[in-house]
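Chemist: what follows is a predicted structure for the sequence shown.
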Amino acid sequence: MATLELQNISKSFGQAKVLHDIDLAIRDREFVVFVGPSGCGKSTLLRIVAGLEEATQGRIVIGGKDVSRAHPLDRGISMVFQSYALYPHLSVFENIAFPLRVAKLPEAELKRKVGQAAEILQLTDKLQLKPGQLSGGQRQRVAIGRSIVREPRVFLFDEPLSNLDAALRGDMRVELAQLHRKLDATMVYVTHDQVEAMTMADRIVVLNGGRVEQFGTPMELYHHPASKFVAGFIGQPNMNLLPGIVQATDSGGVTVELAGGPTLTLPVEPRGLSAGAPVEVGLRPEDLGLGEGLQMQVRVLERLGGQSITYGAVGPLDKVCAVLPGDAPIREGETISLAINTNACHLFSADGQVSRRLAAPALVA
Amino acid sequence: MMDRYSKLQLVGIYAALALFLTFILLPFVEMFMVSLRPLEHLFSTPYRFWGDDFSFEAYSRMWQTVPLLGRYILNSIYISGMVTLITMIFVVPAAYAYARLDFPFKNMSLAIFLGVNMFTGAVLLIPLYRVLRTLGLLNTYWSMIVPGVAFLIPTGIWLLRSYLEKIPRELEEAAYVDGASRLYTLRRVVLPLAVPGLIVVGVAVFIGAYAQQFLFAITFNQTREYQPLPAGIYEFIGYQDVTWNEMMAASLTGVLPVMVIFLFLQKYLVAGLTAGAVKE
């Protein structure tokens, strides 16, 4: 097992620069997820770590050793591809054994290792089948099996669950988290799905336009997003962003008048904001509740049983979302009043920078 | 949706097909008819398309008229087989390189390969003759095999390249990450998956070699024992007369092996020739 450091990584394809000075230090045995919208460079970054792509600039250090120019094998990494990349003409056994055959391992040891991997992944009775005879989840497990037999120091996953249906994805998420615990390995996982990131990661790297927006634990990202982008990307449903104008600031908070709504005093650091500055107030749908405050005209009501998700118009915005109790006494078309918990509000300046919240919940380590 | 035709359209389509096939197949029909009739019938005037004394006699007599006929047929198969084998040895790594690697002048050299295909062997006969003479290959099997290989490599590369490009790149990347060398990957991953493509290219090359050997045989080879069938058939042209019926019988017999191969493999051939035409 090993630490993984990315130092100053940049990557250009011709004129287009897709990664800008990425600096990350991933700890031993950590599960780190790269997340971001498509085209943010997360897969390219993973391929650079894998050695499939060469960085234009910067260094990759694994376990204290510079491996920027090393072959994937010498980096001690293994990779699970989005399409599984199983060899269709080989049996499950041969697929898993492939890296060991390349390494010319003695037959007995090879059998033992493949058997072990199959045991961990519950594939023992599938070893003689061809990949074409397996379900999506089983194929995924074969791909993982092929990556674990070599006992690499760092596992890389490139959107491994994106080809599975929603139910299976949930199961595989749990399996992968358990696998991480069982193998006690450093893992880097790329996804565009923030739910996968939140549920599996020890720490998350949010990438946007080839830059690291934030690197932190899921709860850090949730409670202290570093920018409007992270705030909008993390959390389901997405955070509401209400435009407003700063009325006054002092050390205890910032007073903001929401467009077409009430005036609030938010407990955040003023951070260079002054009266008259245009800002956006970020409010997570789950932090809104019934009570005095915002007037919202309910357009769509989704009753999920445990909770009711409502979308409606507030002032100039026509798509504000609130998560209310499952039995909330509301109907589509009517106007309801929502209470705002100012302690839960985020404040973003016009350039997307965030003001640090003073009343955010303490983070669980 | 696309294959819904009205009755009238179907009639039209089949009529066009029939016309087209008539042009292609009628010579074969006539060959067959000629091979079944005694020689004197063929010179009767007025010419009759139908006779009442059809027999397969020519098919047995031809072996006596031209004693080496069996050898010629085997030569044809041997030459085409060798051409196919050697061509494939060159084409497989070349096509893989064109499908996967980046190197200078890649597209230009591919275009040149295509350009070479536009020349028929006939244009290059004299230079080729000199080359083969310098190499001391005249009047050997090699004089027919070497030019055959040279002319078929470009087609082979183009055909196989488009097939190899369809094999997902991730499979090779996975093998690379697991430490496999290029050649190991080619042998254990790419080629097993390319078997249908290899069959297509192999058959196309074999047919090409079979068709083109005549030209090389009559120019570069004087040794009777090495002649392939198309050249050997000349022996049916005697000093006195031409035994047309036996010649036709021999031609049909000689085409038979190719026809049989083609029938067995045409499923692959059709699939392969259109490979890459449609994005899947």
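Modeler: Happy to help now that I have it.

Chemist: low-scoring stretches of the stretch 1-150 of chain A, by residue?
Modeler: Low-confidence segments of the stretch 1-150 of chain A, defined by pLDDT under 70: A:1.

Chemist: for stretch A:70-78, measure first residue to last.
Modeler: 13 Å (C-alpha to C-alpha, to the nearest Å).

Chemist: ok now it, how far from the chain's centre?
Modeler: 25 Å (C-alpha atoms, centre = their mean, to the nearest Å).

Chemist: residues of the stretch 101-250 of chain B that sit close to chain A?
Modeler: With C-beta under 8 Å from any C-beta of the partner chain as the criterion, the stretch 101-250 of chain B comes near chain A at residues B:168, B:170-171, B:173-180, B:184, B:188-189, B:192-193. Where you see a C-beta, it was placed from the backbone N, CA and C, and this is true even at glycine.

Chemist: mind checking which of these land in helices?
Modeler: Within these, residues falling in helices by DSSP state H are B:170, B:171, B:173, B:174, B:175, B:176, B:177, B:184, B:192, B:193.

Chemist: relative to residue B:228, which of these is nearest.
Modeler: residue B:192 (33.5 Å; C-beta to C-beta).

Chemist: quick check: that closest one touching residue B:167?
Modeler: No - applying C-beta atoms under 8 Å, one finds residue B:192 not in contact with residue B:167, separated by 10.2 Å.

Chemist: those two: who's more crowded?
Modeler: Regarding residue B:192 and residue B:167, a neighbour count based on other C-beta atoms under 10 Å in any protein chain shown identifies residue B:167 as having more, with 18 against 13.

Chemist: for that one, which residues are in contact?
Modeler: Neighbour list for residue B:167: B:190, B:193, B:194 [criterion: C-beta atoms under 8 Å, 6 or more residues apart in numbering or on different chains].

Chemist: from residue B:88, how far off is it?
Modeler: 17 Å (C-beta to C-beta, to the nearest Å).

Chemist: same question, residue A:281
Modeler: From residue A:281 across to residue B:88, the span is 70 Å (C-beta to C-beta).

Chemist: now residue A:263
Modeler: From residue A:263 over to residue B:88 (counting by C-beta to C-beta), the distance is 81 Å.

Chemist: what's whichever strand or helix holds residue A:44 in contact with?
Modeler: Assessed by DSSP states H and E, residue A:44 sits inside helix A:42-50. Defining contact as C-beta under 8 Å, 6+ apart, one finds that helix A:42-50 is touched by A:4, A:6, A:9, A:11, A:18-19, A:22, A:34-36, A:53-55, A:60, A:72, A:75, A:77, A:79, A:154, A:156, A:158-159, A:188, A:190, A:192, A:205, A:207, B:177.

Chemist: can you select the buried ones from those in PyMOL?
Modeler: Applying 16 or more other C-beta atoms under 10 Å in any protein chain shown to the contacts of helix A:42-50, the buried members can be selected in PyMOL as follows:
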select buried, (chain A and resi 4+6+9+11+18+19+22+34+35+36+53+55+60+72+75+77+79+154+156+158+159+188+190+192+205+207) or (chain B and resi 177)
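
Chemist: just to check, residue A:129 is in contact with residue A:90?
Modeler: No - taking contacts as C-beta under 8 Å, residue A:129 lies outside contact range of residue A:90: 10.8 Å.

Chemist: of the two, who's got more company?
Modeler: Neighbours were tallied for residue A:129 and for residue A:90 using other C-beta under 10 Å; the higher tally belongs to residue A:90 (18 against 15).

Chemist: the longest helix anywhere in chain A - contacts with which helices or strands?
Modeler: Longest helix of chain A, by residue count under DSSP H: helix A:166-183. If contacts are counted by 3 or more C-beta pairs under 8 Å, 6 or more residues apart in numbering or on different chains; DSSP states H and E, helix A:166-183 sits against helix A:136-148, helix A:194-200.

Chemist: who's in contact with residue A:228?
Modeler: For residue A:228, the contact set (C-beta under 8 Å, 6+ apart) comprises A:241, A:280, A:282, A:348, A:352, A:353, A:354.

Chemist: can you add pLDDT, secondary structure and distance to residue B:105 and give these back as TSV?
Modeler: Below are the contacts of residue A:228 laid out as TSV (pLDDT from 0 to 100; DSSP: H, G, I helix; E, B strand; the rest coil; distance: C-beta to C-beta, whole Å):
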residue	pLDDT	secondary structure	distance to residue B:105
A:241	90	strand	54
A:280	91	strand	55
A:282	91	strand	56
A:348	92	strand	53
A:352	84	coil	48
A:353	86	strand	51
A:354	87	strand	53
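
Chemist: residues from chain A in reach of chain B?
Modeler: So chain A meets chain B at A:50-52, A:71-73, A:77-79, A:81-83, A:85, A:87-89, A:98-99, A:102-103, A:146, A:150 (C-beta under 8 Å from any C-beta).

Chemist: hmm, 7 Å instead?
Modeler: Chain A comes close to chain B at residues A:50, A:52, A:72-73, A:78-79, A:81, A:83, A:85, A:87-89, A:98-99, A:102-103, as judged by C-beta under 7 Å from any C-beta of the partner chain.

Chemist: buried subset of those residues?
Modeler: Here, 16+ other C-beta under 10 Å leaves A:50, A:52, A:72-73, A:78-79, A:81, A:83, A:85, A:87, A:89, A:98-99, A:102 buried among the residues of chain A next to chain B.

Chemist: return the subset of those residues lying in helices.
Modeler: Those of these lying in helices (DSSP H): A:50, A:72, A:73, A:98, A:99, A:102.

Chemist: which parts of chain A belong to which domain?
Modeler: Residue ranges for the domains of chain A, per automatic domain parsing: A:4-232, A:237-355.
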